[in-house]
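# Need coordinates for the following:
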Amino acid sequence: MRILIATAGSRGDVAPFIGLGDRLSAAGHQVALATHTTFADSVRAAGLDFRPLPVDPRAELASTRGRRLLRAGAGPLGLLQLTRLARTFMPALGAGIATAAEPGADLLLTTSATADLGQVVAEAAGIPNIALHLQPLSPTRAFTPAVLGSRSLGGPGNLLAGHAVQAAVDHLFAPAVSALRRQLGLPRRTVASARRNRTVLHGFSPHVVPRPADWHPSHAVTGYWWPRPDPGWQPPPRLLDFLASGPPPVYIGFGSLVVPDAERLTTTILAAVRAARVRAVLQSGWSGLAADDGDDVLTIGDTPHDWLFPRTAVTIHHAGAGTTAATLRAGTPTVPVPAQLDAPFWSARLTRLGTSPGPVPLSHLTPSRLATAIRKALDTPHHRTHARAIAATLKTEDGPAQVLTHVTRLGRLAG
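All right, here's what the predicted structure looks like:
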């Protein structure tokens, strides 16, 4: 079967689908992945066909609109700023997905950012579409929408909030969806009606977020889709030397989070590290963390989390879906530093699982607060115990296998 995966966003929105594409390819499918050109090399290294989508996600997050999103944080204001940011590039993204599908496909797999536009492309091509979500976005009584934070509004309130968020997202996509339908010669149809009964597979563990009982039967929680390991990657000697020169360090990195003052954030982090009396590995990422190397601190670039995290004592991160998954997989205690959108949701999950002493939001980050959280994560044994237990559970799950089951079923129906 010819499969096209279309995903947009940061590395955390792309890496799981490269891993999933690799698994689908190994099962005999012909897989292409459409995403931003900054990830082209990673896609091709996995043996997948790369098809470009417009937009530079890092540039968008560093723009004036992107900085407003960071200041807005989570909750309704964050969702509003995300809407304003996304509206500027949605038409181009829809056209890019349509172009990516032109070589032909038998199945289109889309993500939360591309599902509604991809649904139009799939309809025009007469092929099925499965949505693959890394966050729980469908309305439910079980919890508040992931993009609104972690505070429960009670069953009815959570459900109402879920429908309100869905209506806001429909409103966001409506102009681009309508334009794309006209471009592809399709009759008018609302985003909500096109979404009805769509199969949605969620790439996280049911032990982290149990499947809500009130979800539609077409919604499943499969387990995580892990990024593809790079068989050619080797740790640099300076990193190996640092790890061997003392006790396991804490990891500090904020992934795709673009901050307005990287120097100030780095200063805060270094003060916390020294107050907590720990060694630290700083991963620069899109935040631009950087410090002079010394006995207690090392700054590194891109390094596979599946290799690095098990060698650390605590992970400190922005609580994106991908980094949250990686720290759970590693079995390390963690201190989330949430800043926007779904990060407070994942931070609350880590706390509930017992792997974290609780979040230190970026907006309230101080050396003393971070140092206290680091010491709690290190000195409270049950955080490591719970972290190791959930890591052992995740090893028993095979999320891609469930996606393959759905794909095989569609292939049989088409045949």
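
# part of a helix, is Leu172?
Yes. With DSSP: H, G, I helix; E, B strand; the rest coil as the criterion, Leu172 is part of a helix.

# Tell me how far it lies from Phe204.
Counting by C-beta to C-beta, to the nearest Å, the gap between Leu172 and Phe204 amounts to 23 Å. Backbone N, C-alpha and C define where each C-beta goes, glycine included.

# Same drill for those two, tell me which one is more crowded.
Just comparing Leu172 and Phe204: by other C-beta atoms under 10 Å the higher neighbour count belongs to Phe204, 25 against 20.

# Check which residues of the strand or helix carrying Gly162 are buried.
Counting by DSSP states H and E, the element that carries Gly162 is helix 154-183. Residues of helix 154-183 classed as buried under the neighbour-count rule (16 or more other C-beta atoms under 10 Å) are 158-159, 161-162, 165-166, 168-170, 172-173, 176-181.

# likewise stretch 374-386?
374-378, 383-384, 386.

# Kindly check the end-to-end length of that stretch for me.
16 Å (C-alpha to C-alpha, to the nearest Å).

# how far out from the middle of the chain is that stretch?
Centroid separation for stretch 374-386 versus its chain: 25 Å, with C-alpha atoms, centre = their mean, to the nearest Å.

# Begin at 43 from now on, thanks
Yes, from this point I'll number from 43; that puts the last item at stretch 416-428.

# Which ones among the buried residues of stretch 416-428 lie within strands?
Cross-referencing the buried residues of stretch 416-428 against strands under DSSP state E gives no overlap.

# Specify which member of those residues is nearest to Val73.
The closest of the buried residues of stretch 416-428 to Val73 turns out to be His428 (C-beta to C-beta; 36.2 Å).

# Chain neighbours aside, what residue packs nearest to the closest one?
Gly396 (3.4 Å; C-beta to C-beta, 6 or more residues apart in numbering).

# do Phe81 as well
Among residues not flanking Phe81 along the chain, Val56 sits closest, at 5.0 Å (C-beta to C-beta, 6+ apart).

# What about the one you found, how many residues nearby?
When neighbours are counted by other C-beta under 10 Å, Val56 registers 24.

# for Thr450, same thing?
Thr450, neighbours per other C-beta under 10 Å, totals 13.

# a strand runs through it, doesn't it?
No. Looking at Thr450 with three-state DSSP, it is helix, so not inside a strand.

# Next one, pLDDT for it please.
For Thr450, the pLDDT comes out at 88.

# And Arg230, by the same measure?
90.

# Near it, how many other residues are there?
Other residues within reach of Arg230 by the criterion other C-beta under 10 Å amount to 8.

# And the strands in this structure?
Assigned by DSSP E, the strands in the chain fall at 44-48, 72-78, 91-95, 149-152, 171-175, 241-244, 261-263, 292-295, 322-325, 339-342, 356-359, 376-378.

# for those strands, which one ends up most surrounded?
Neighbour counts (mean count of other C-beta atoms under 10 Å) averaged over each of the strands of the chain peak at strand 376-378, with a mean of 30.

# Mind listing the strands it pairs with, and their directions?
Counting by DSSP bridges, the strands paired with strand 376-378 are strand 356-359 (parallel).

# still on that earlier bit, how much space separates the residue nearest to Phe81 from His78?
Val56 is 8 Å from His78, by C-beta to C-beta.

# Asp303 now?
On the measure of C-beta to C-beta, Asp303 and His78 end up 26 Å apart.

# Would you mind giving the strands of the chain as TSV with distance to Asp158 and mean pLDDT added?
Formatted as TSV, the strands of the chain follow (distance: least, C-beta to C-beta, whole Å; pLDDT from 0 to 100):
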stretch	distance to Asp158	mean pLDDT
strand 44-48	11	97
strand 72-78	15	97
strand 91-95	15	96
strand 149-152	8	96
strand 171-175	9	96
strand 241-244	12	96
strand 261-263	16	96
strand 292-295	32	97
strand 322-325	33	96
strand 339-342	38	96
strand 356-359	29	98
strand 376-378	29	98
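
# need these in a markdown table with distance to Thr186, can you?
A markdown table is the format used below for the strands of the chain (distance: least, C-beta to C-beta, whole Å):
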| stretch | distance to Thr186 |
| --- | --- |
| strand 44-48 | 28 |
| strand 72-78 | 29 |
| strand 91-95 | 30 |
| strand 149-152 | 24 |
| strand 171-175 | 16 |
| strand 241-244 | 17 |
| strand 261-263 | 17 |
| strand 292-295 | 27 |
| strand 322-325 | 30 |
| strand 339-342 | 36 |
| strand 356-359 | 22 |
| strand 376-378 | 17 |
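
# wait, the residue nearest to Phe81 sits on Ala48?
No. With contact defined as C-beta atoms under 8 Å, Val56 does not count as touching Ala48 (10.8 Å).

# which residues are common contacts for these two?
Thr77 (C-beta atoms under 8 Å, 6 or more residues apart in numbering).

# Please tell me I have it right and Val445 contacts Leu62.
Yes. Val445 lies in contact with Leu62 (C-beta under 8 Å); the separation is 6.3 Å.

# ok, the two, which is more surrounded?
Shown here are Val445 and Leu62; by other C-beta under 10 Å, Leu62 has more neighbours (28 against 23).

# roughly how far apart are the more buried one and Thr153?
If you measure Leu62 against Thr153 using C-beta to C-beta, the figure is 11 Å.

# Give me the below-cutoff pLDDT ranges for the stretch 93-242 of the chain.
Applying pLDDT under 70 to the stretch 93-242 of the chain flags residues 99-129.

# how about the nearest residue to Ala88 once chain neighbours are set aside, what does it touch?
Once flanking residues are discounted, Ala88 sits nearest to Asp64: 4.7 Å by C-beta to C-beta, 6+ apart. By C-beta under 8 Å, 6+ apart, Asp64 lies in contact with 73, 88-90, 270.

# any idea how far Asp64 is from Pro273?
11 Å.
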